[in-house]
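J.: coords please:
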Amino acid sequence: MGHHTIMLDGDILKECLDVEALNTREDRKKKAFTYSKIARMLSRQGVIVVVGTIALFKEVHTWNRENIPGYFEVFLDVPIDVLRERDPKKLYKKFDQGEIKDVAGLDISVDFPKNPDLNIKYKKGDTPEITINYILKNFLSKLQKDEK
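T.: Numbers count the residues shown, from 1 in each chain. Just a heads-up that it's a prediction; the model follows:
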């Protein structure tokens, strides 16, 4: 739509930054701040940055609002049973079988956003296309308001 946009995926960022696979709450928070600082650097250059990651820490939410120009927080509110059903990396299954630990929302506490710009509650039948179109509509509306 004429805007320079980049997608930063948490798994790809970990690989590119050669970040250790430690996943304690503090390790995750440190990674989230690193990703936020990369997003800030890019957004200051006029790029719309989409960061796809689990960063459920109130300190990160606050920092992002205060430091990233045009910050727009989207919270995908999906029930744990649906996440377990999807489980493309088999993380929940591995956790249940005792093979891994430090899984966000299971044995690591998370801070759900208090005031996201957009809170999307899961509805059975919603496709990724429906969800992304809803996000785009709301984000573009905010972007147009900010540009005026």
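J.: how about stretch 41-52: buried residues?
T.: Neighbour counts over stretch 41-52 (16 or more other CB atoms under 10 Å) mark 42-43, 48-49, 51 as buried. No exception for glycine: its C-beta is placed from N, CA and C like everyone else's.
J.: Please save the CA atoms from it in CSV.
T.: Extracted in CSV, the C-alpha atoms of stretch 41-52 (Å, rounded to 0.1, in the frame of the first residue of the first chain):
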residue,chain,number,x,y,z
MET,A,41,15.9,1.6,14.8
LEU,A,42,13.9,0.6,11.7
SER,A,43,10.8,2.7,12.5
ARG,A,44,13.0,5.8,13.0
GLN,A,45,14.0,5.3,9.4
GLY,A,46,10.4,5.4,8.2
VAL,A,47,9.8,1.7,8.0
ILE,A,48,6.7,0.0,9.3
VAL,A,49,7.9,-2.9,11.4
VAL,A,50,5.8,-5.9,12.2
VAL,A,51,7.2,-8.0,15.0
GLY,A,52,5.7,-11.5,15.4
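J.: where does the residue most central in space within the chain fall, phi/psi-wise?
T.: Closest residue to the average C-alpha location of the chain: T53 at 3.5 Å, with CA atoms, centre = their mean. Backbone geometry at T53, expressed as degrees, to the nearest 10, gives phi -160, psi 160.
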